[in-house]
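show me how the following folds:
(chains A and B)
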Number of protein chains: 2
Amino acid sequence: MSNPILVEVTRGNIVESRHRGAVCVVDGDGKVVLELGDVGRPTFPRSAVKAIQALPLVESGAADAYSFGDREIALACASHSGEPEHAGLAASMLGRAGLDHTALECGAHWPMRQEAALELARGGAAPSALHNNCSGKHAGFVCTCAHMGLNYSGYVNAGHRSQQMVREAMETVTGAAHEADICGTDGCSIPTYAVPLKNLALGFARMATGVGLGAERAKAARRIFAACMAEPFFVAGTERMDTRLMQAAGGRIMVKTGAEGVYCGAVPELGLGLAIKCDDGAGRAAETMVAAVLGRLLSGDAELSGAMRELANPVMKNWNGIEVGRVRPAGALAS
Amino acid sequence: MSNPILVEVTRGNIVESRHRGAVCVVDGDGKVVLELGDVGRPTFPRSAVKAIQALPLVESGAADAYSFGDREIALACASHSGEPEHAGLAASMLGRAGLDHTALECGAHWPMRQEAALELARGGAAPSALHNNCSGKHAGFVCTCAHMGLNYSGYVNAGHRSQQMVREAMETVTGAAHEADICGTDGCSIPTYAVPLKNLALGFARMATGVGLGAERAKAARRIFAACMAEPFFVAGTERMDTRLMQAAGGRIMVKTGAEGVYCGAVPELGLGLAIKCDDGAGRAAETMVAAVLGRLLSGDAELSGAMRELANPVMKNWNGIEVGRVRPAGALAS
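Now for the predicted structure:
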């Protein structure tokens, strides 16, 4: 089955490129509000589910023990751009458990934001694991281990207690089995499991509403989502779509991107969760898809809906700043 | 009409992302050898046709007047990585006409190769138009104007004599009309025209064989292709697919990528030209498509064909160097 074309990229008067994908929006009971394409296809959520993966950090008491506030919890859910504030806060999280960047097993890479990478190079520095876009999540894993008295070494492996807790949270919240045959390795070396897109949407609806979660988990979920919505810079970074969407919405939406064209999100006031996968893995298309879906879900609020639709239709400029085309919703998303 | 899935990206045992596209291979008379997907769809070739756009540089006598050898002509056909050798040679080309980087109208950007950008930053420098991946092409335009006694100011505009010569070459060689209604603006600000994929393949077959071109144009075309095949580093750069494919083939294939998932190429010994467009614009997919097509066309040479197939199946590693998946040909390209 072919997923529909949901995003077009234009140049002049011509459509230059096309992106297909699937979209699922459900409530906390799994009732479908919007379904485009194959929402049953197994999909690696990648970093889009970091907020669910952060549940053990809060539920274990580690976040409280180390006095983590909204910023630290947001960073634990982040794919950050490696800006100085991100790397510094990850170091601070580790420091509160008496640790440093050498405890992280995510690997090092230059900051995702080019300006941050260039600034590091200008200073003659090299990146550490703190600049890895996943360093906040990994700091959360390590701090959870430290608080629980677990040896954190090897915490990225599927057999480690840390990842077992993450898997339990993922299974419970999404309602999908996470078995070895659907397991892949993520960019930061932890396991990632391919589950149906509709289960990812359900997971985010449950995180937003608490439906189907125990009281303690529901409380932790609300705290995590509230932290991300309160500190969107720490979930992504300067000029990033997650940050821009959440800043525009002022605490009314939660969104998180994942590699290979994934988005998960929620609109708590509507009790809805959403999940999106661009077939070809393009981030630009997933960004337009999520902004267009949010614009539609929030159509009752003309101003907010308009802001979402504007973010769904970015202008592309060339090296001389000349407008050359647009990315825009297409097909069922264009209406 | 849907183009077929031609490339898959795997993670663990699961297909994570899928790329659709179209492929056309023809001889100099336009006889179809391979056709996958819609090869009649208007396609912006972008940088993939720089070798055709370089014809006026050679035909005008400018290349000889300024003693341009294979490296300079290759750079005029390049989307280079902004490495010091690339930027330096672009400056040298301009210098031979008594000009410098201020004559270029392509805009400045940081080198495409991250290591080159970081090295520039370490030295406290900023990029100039020489680091723009199109600086060699633009140096060629400017030098052609200088040699012909034309005012080069505004040479990027469709109405300038420089672009009129380029358009004439493109129309003659591809056999497709290049009218204003199919014109877009490229990343470096010159016009780009959306023409059927089969015409782009025909253009490359004609460049390789001389069929349908006048004697002088055929000679210029052969010289340009020979220069690119002799100096593949100057057509792209370190670790780039164009460079690797041409280095592996030792002068037996010509390939050139264009933005938004385009490839054009030729196998002169077979008298064939090819053109590829990945629907969604992904470079990784276009790279696998072109390498897979070349592997098939060259199946009579087991060693070279094997090298192409290996380049068509790159392993993806994460930040810790762990293999997490592959990009691989799919569907009609997998056989």
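
so A:Arg18 makes contact with B:Ala282?
No - using C-beta atoms under 8 Å, A:Arg18 is not in contact with B:Ala282; the gap is 11.5 Å. All C-beta atoms are positioned from the backbone trio N, CA, C, and that covers glycine.

those two: which has the busier surroundings?
Neighbours were counted for A:Arg18 and for B:Ala282 using other C-beta atoms under 10 Å in any protein chain shown; B:Ala282 has more, 24 against 20.

for A:Phe44, see how far away the more buried one is.
17 Å (C-beta to C-beta, to the nearest Å).

and for A:Phe225?
Separation of A:Phe225 from A:Phe44 (C-beta to C-beta): 22 Å.

these two: which is more packed in?
Neighbours per residue, other C-beta under 10 Å: of A:Phe225 and A:Phe44, the larger number sits with A:Phe44, 27 against 22.

and the more buried one, what is it in contact with?
A:Phe44 makes contact with A:Gly184, A:Asp186, A:Thr192, A:Tyr193, A:Ala194, A:Gly258, A:Glu260, A:Val262, B:Arg11, B:Ile14, B:Glu16, according to C-beta atoms under 8 Å, 6 or more residues apart in numbering or on different chains.

roughly how far apart are it and A:Gly281?
10 Å.

and A:Leu333, by the same measure?
Taking C-beta to C-beta as the measure, A:Leu333 falls 18 Å from A:Gly281.

strands along the stretch 201-335 of chain A, start to end?
For the stretch 201-335 of chain A, the strands defined by DSSP state E, counting those that start in this stretch cover A:254-258, A:262-267, A:272-278, A:315-317, A:323-329.

now the contacts of A:Phe44 as JSON lines including pLDDT and distance to A:Cys24?
Output for these, formatted as JSON lines (pLDDT from 0 to 100; distance: C-beta to C-beta, whole Å):
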{"residue": "A:Gly184", "pLDDT": "97", "distance to A:Cys24": "21"}
{"residue": "A:Asp186", "pLDDT": "96", "distance to A:Cys24": "22"}
{"residue": "A:Thr192", "pLDDT": "97", "distance to A:Cys24": "18"}
{"residue": "A:Tyr193", "pLDDT": "98", "distance to A:Cys24": "17"}
{"residue": "A:Ala194", "pLDDT": "98", "distance to A:Cys24": "15"}
{"residue": "A:Gly258", "pLDDT": "98", "distance to A:Cys24": "15"}
{"residue": "A:Glu260", "pLDDT": "98", "distance to A:Cys24": "17"}
{"residue": "A:Val262", "pLDDT": "98", "distance to A:Cys24": "12"}
{"residue": "B:Arg11", "pLDDT": "97", "distance to A:Cys24": "20"}
{"residue": "B:Ile14", "pLDDT": "97", "distance to A:Cys24": "18"}
{"residue": "B:Glu16", "pLDDT": "98", "distance to A:Cys24": "17"}
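
apart from its chain neighbours, what residue comes closest to the residue positioned nearest the centre of chain A?
Most central in chain A under C-alpha atoms, centre = their mean is A:Lys256, positioned 2.6 Å from the mean C-alpha point. Nearest residue to A:Lys256, sequence neighbours excluded (C-beta to C-beta, 6 or more residues apart in numbering or on different chains): A:Ala48, at 5.0 Å.

what of A:Ala51?
Nearest non-adjacent residue to A:Ala51 (C-beta to C-beta, 6+ apart): A:Cys77, at 4.5 Å.

list the contacts for the one you found?
Taking C-beta under 8 Å, 6+ apart, we find A:Cys77 in contact with A:Lys50, A:Ala51, A:Ala54, A:Gly136, A:Lys137, A:Ile224, A:Ala227, A:Cys228, A:Val235, A:Lys256.

from memory the last one sits against A:Ile52, does it?
No - between A:Lys256 and A:Ile52 there is no contact, the gap being 9.6 Å when judged by C-beta under 8 Å.

surely A:Leu130 and A:Met93 touch.
No - under the criterion of C-beta under 8 Å, A:Leu130 makes no contact with A:Met93, lying 9.9 Å away.

measure A:Ala108 to B:Thr10 for me?
Note on A:Ala108: its distance to B:Thr10, by C-beta to C-beta, is 25 Å.

chain B contacts on the stretch 1-150 of chain A?
Residues of the stretch 1-150 of chain A that fall close to chain B, judged by C-beta under 8 Å from any C-beta of the partner chain: A:2, A:9, A:11-14, A:16-20, A:42, A:44, A:105-110, A:114, A:117-119, A:121-122, A:124, A:132.

out of those residues, which are buried?
Neighbour counting by 16 or more other C-beta atoms under 10 Å in any protein chain shown classes A:9, A:11-12, A:14, A:16-20, A:44, A:105-110, A:117-118, A:121, A:132 among those as buried.

quick check: closest non-adjacent residue to A:Ala22.
Spatially, and ignoring its direct neighbours in sequence, A:Ala22 is nearest to A:Gly37 (3.1 Å; C-beta to C-beta, 6+ apart).

likewise for A:Ala97?
Using C-beta to C-beta, 6+ apart and skipping residues adjacent in sequence, the residue nearest A:Ala97 is A:Ala146, 4.0 Å away.

same check, this time on A:His131
A:Gly82 (4.1 Å).

and A:Pro314, by the same measure?
In space, A:Pro314 is closest to A:Val327, 5.3 Å off (C-beta to C-beta, 6+ apart).

bridging residues for the one you found?
For A:Val327, the beta-bridge partners are A:Val9 (DSSP bridges).

for the closest residue to A:Ala194 other than its chain neighbours, phi and psi?
Spatial nearest neighbour of A:Ala194, chain neighbours left out: A:Pro42 (3.7 Å); criterion: C-beta to C-beta, 6+ apart. A:Pro42 adopts backbone torsions of phi -60, psi 130, taken as degrees, to the nearest 10.

surely A:Pro42 and A:Ile182 touch.
Yes - counting by C-beta under 8 Å, A:Ile182 is a contact partner of A:Pro42 at 6.0 Å.

what touches both of those two?
Common neighbours of A:Pro42 and A:Ile182 (C-beta under 8 Å, 6+ apart) are A:Ala194, A:Val195, B:Ile14.

about what we covered before: buried deepest among the strands of the stretch 201-335 of chain A, which one?
Using mean count of other C-beta atoms under 10 Å in any protein chain shown, the stretch among the strands of the stretch 201-335 of chain A with the greatest mean number of neighbours is strand A:272-278 (a mean of 30).

specify the angle between that one and strand A:254-258 in degrees.
In terms of direction (axes from the mean of the first three to the mean of the last three C-alpha atoms, to 10 degrees), strand A:272-278 departs from strand A:254-258 by 20 degrees.

for stretch A:179-189, which residues meet the burial criterion?
Neighbour-count burial for stretch A:179-189, counted by 16+ other C-beta under 10 Å, picks out A:Ile182, A:Cys183, A:Gly184, A:Thr185, A:Asp186, A:Gly187, A:Cys188, A:Ser189.

and the furthest pair within these?
A:Ile182 and A:Cys188 (18.5 Å; C-beta to C-beta).

picking up where we left off before, pretty sure the residue nearest to A:Ala97 is in a helix, no?
Yes - counting by DSSP: H, G, I helix; E, B strand; the rest coil, A:Ala146 is found in a helix.

how deep is it tucked in, by neighbour count?
Applying other C-beta under 10 Å, we find 20 other residues in the vicinity of A:Ala146.

isn't it up against A:Gly95?
No - using C-beta under 8 Å, A:Ala146 is not in contact with A:Gly95, being 11.3 Å away.

OK, contacts around the residue of the stretch 201-335 of chain A found nearest chain B?
Here the stretch 201-335 of chain A gets closest to chain B at one residue, A:Trp319, 3.0 Å apart by C-beta to the nearest C-beta. Going by C-beta under 8 Å, 6+ apart, A:Trp319 touches B:Cys106, B:Gly107, B:Ala108, B:His109, B:Asn132, B:Gly187, B:Cys188, B:Ser189.

can you map out the strands along the stretch 51-200 of chain A?
Under DSSP E, counting those that start in this stretch, the stretch 51-200 of chain A gives strands at A:183-185, A:191-193, A:195-196.

hmm, back to that, skipping adjacent residues, who's closest to the residue of the stretch 201-335 of chain A closest to chain B in space?
Once flanking residues are discounted, A:Trp319 sits nearest to B:Gly107: 3.0 Å by C-beta to C-beta, 6+ apart.
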